[in-house]
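Peer 1: Curious how this folds, go ahead:
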Amino acid sequence: MNNTLEGKKHLLVTLLTTGTATLLAFAINFFVTPFITEILGVEAYGFVSLANTFIGYAGIVTTALDSFATRYIAIEYHKGNAAKAEGYLSSLFFANLILSIGIFLIMLPLCLNPSVLLDVPPELSSDVSYLFILAFSNFLVLTASSSFSAAAYIKNRLDYYGVFQTLSYLVEAAFLVFVYTAFSPHTWYFGLALFLSSIVLLFGNLYLYKRFIPELKVSLSFFSWTYVRDLFSVGVWSSINSLGNTLNSGIGLLVANVLLSSVAMGQLAIAKTFSTVFTRLYQLVSQAYYPMILKSYSENNMGRLLNYFKQAMNCTGSIAAIMFAGFFALCPAFYSLWVPSQDVSVLYPLTMLVMVYALVEGPVQPLYYVYALTLKNKFPTVVTVTGGVLNVLLMIPLVTSGGLGVFGVPLVTAIVMVIISFITNPLYMSHCLGVSPLTFYPPIMRAMASCIVCCLVFEVTTIAINPASWISFILAALICLVFGVVICLLIGLDSGTRNSLISRFRRVRSR
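Peer 2: Numbers count the residues shown, from 1 in each chain. This is a model prediction of the structure:
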């Protein structure tokens, strides 16, 4: 009983620390976006987002090593095979270092002359060049240091990792406030802020490594191509899957820039701003459950494993429902207050098309760990890549000659991702675990039902308040949030989870 209670407390602390980091990321986007769009133009903000997208492209390569590395290191560590754990850890570190330096050198010509490939306004040319150089420098630091973060997963101390993430975002925010208030505005400040935040994470990951697994040494003498091959042979499918995800959801900004204009890219970047933050929130909530899920799988306790998966799905599904409904009802008022110089009639439909993908991704996000557990990732990779190729093939004609313009980018992506997230993934994930094909559909359906009810209630609330100022907008948002939490408690949770929460609340009150 004490172990169970301690585990729940630890989970809560992990969610709070990682959630705080995500909220800070949200706050940075909230304050920086209107500043950049108003002072430097919507094109400048588009290039900030595109720089992050390019980092995602680069990450496709390193995913082949990173995706299963923690699993291998943790299993050998818990088995007491220190030599093999050190071999995997050292091989991962040096292989990542070599890859990240190679990617930086390959991308350097584009960084120095981005106009060769992209539509870059002349006045932003040098700014974009510096921005891209700093972005790939940031990628180099993050990739080289990510190996040490395995300590947080091995010892189930993701709460510590969340603290360092929070600190890195604080450094990023403080630097942006300082440079944008003390100096003439430039787009590349954002790249330097990201680089500084990555330095903080580097030292944070080193601290976790020294604190929790100091007995595992990292040395070039432990490097082995055999260990690299082990990681790559399994992770290459995750890398290909990342390529499919990029074709599905990460190629839009580049398509908008090359086929339309830097302005269209900037509008799409604004529409995608908060979906990216919420995706990160889904991942953080899911990651908080991963150590317990891994332990349950290792002990072959299928009942507890499914229970943890469904709890995580309830959390991420409720977040997705409230988020989508909030943007559905409040988005026009929000954009009018947040970026008043931009065309709301373009941003609102763009945002809702982007949010369709964010909605369907929510309840399914925790289940992606099934592929890491079972090492069965070939079929979903084929599905994802096929969907990505179809996405691009359909997107290009719709954007150029279909009359949809920039709206064609998120529309095609939404259709493809709904099919993948609601049909192929849940069915195959159930197959991988050897459970009923319908096992994971109840949490998904509850999330969708919660979303529909939230949309209706939020819309009525917004009409009644008619937010025309930040005060009335915040009031409407808070009321909607309260309604959303109640709706998700009643509809989004299964009876077991709901009764558990009620009993826990009663115990707290009785004290």
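Peer 1: Following the chain onward from the host helix or strand of Val277, which element is next?
Peer 2: If you go by DSSP states H and E, Val277 is part of helix 262-298. Next helix or strand after helix 262-298 toward the C-terminus (DSSP H and E): helix 302-338.
Peer 1: For that following helix, name the packing helices and strands.
Peer 2: Judged by 3 or more C-beta pairs under 8 Å, 6 or more residues apart in numbering; DSSP states H and E, helix 302-338 is in contact with helix 2-39, helix 262-298, helix 344-364, helix 425-433, helix 441-465, helix 470-487, helix 495-510. Using the backbone N, CA and C atoms, a C-beta is placed for each residue, glycine as well.
Peer 1: for that helix, which positions count as buried?
Peer 2: By 16 or more other C-beta atoms under 10 Å, the buried positions in helix 302-338 come out as 305-336, 338.
Peer 1: could you give the mean pLDDT of it?
Peer 2: Averaged across helix 302-338, pLDDT comes to 89.
Peer 1: Use 31 as the first number for this chain going forward.
Peer 2: OK, 31 is where the count begins now, so the last one is helix 332-368.
Peer 1: can you give me the helices in the stretch 131-280 of the chain?
Peer 2: For the stretch 131-280 of the chain, the helices defined by DSSP state H, counting those that start in this stretch occupy 155-175, 180-184, 188-212, 218-242, 255-275.
Peer 1: most packed of these?
Peer 2: helix 180-184 (a mean of 25; mean count of other C-beta atoms under 10 Å).
Peer 1: what comes into contact with that one?
Peer 2: Under the contact criterion C-beta atoms under 8 Å, 6 or more residues apart in numbering, helix 180-184 has outside partners 99-100, 103-104, 107-108, 119, 122, 187-188, 190-191, 235, 238-239, 241-243, 320-321.
Peer 1: average pLDDT across stretch 306-319?
Peer 2: When pLDDT is averaged along stretch 306-319, the result is 78.
Peer 1: contacting residues around the residue nearest to Leu261 when sequence neighbours are not counted?
Peer 2: Leaving aside its sequence neighbours, Leu261 sits nearest to Leu95 (C-beta to C-beta, 6 or more residues apart in numbering; 5.0 Å). Going by C-beta under 8 Å, 6+ apart, Leu95 touches Leu122, Ala125, Asn126, Leu129, Val258, Leu261, Phe262, Gly265.
Peer 1: wait, which of the residues you listed is closest to Ala115?
Peer 2: Leu122 (10.8 Å; C-beta to C-beta).
Peer 1: Spit out the contact partners of the closest one.
Peer 2: By C-beta under 8 Å, 6+ apart, Leu122 lies in contact with Leu95, Asp96, Ala99, Ile103, Ser177, Ala180, Tyr257, Val258, Leu261.
Peer 1: hmm, try it at 6 Å
Peer 2: Neighbouring residues of Leu122 by C-beta atoms under 6 Å, 6 or more residues apart in numbering: Leu95, Ala99, Ser177.
Peer 1: And the next helix or strand past the strand or helix carrying the first one?
Peer 2: Leu95 belongs to helix 72-96 when elements are defined using DSSP H and E. Proceeding C-terminally, helix 72-96 gives way to helix 99-108 as the next helix or strand, assigned by DSSP H and E.
Peer 1: how much distance is there from that following helix to the middle of the chain?
Peer 2: Chain-centre distance of helix 99-108: 24 Å, with C-alpha atoms, centre = their mean, to the nearest Å.
Peer 1: Give me the buried positions along it.
Peer 2: Ala99, Thr100, Arg101, Tyr102, Ile103, Ala104, Ile105, Glu106, Tyr107.
Peer 1: Please render the residues you listed as a markdown table that adds distance to Leu377 to the earlier fields.
Peer 2: What follows is the buried residues of helix 99-108, written out as a markdown table (distance: C-beta to C-beta, whole Å):
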| residue | distance to Leu377 |
| --- | --- |
| Ala99 | 40 |
| Thr100 | 39 |
| Arg101 | 41 |
| Tyr102 | 44 |
| Ile103 | 44 |
| Ala104 | 44 |
| Ile105 | 47 |
| Glu106 | 50 |
| Tyr107 | 48 |
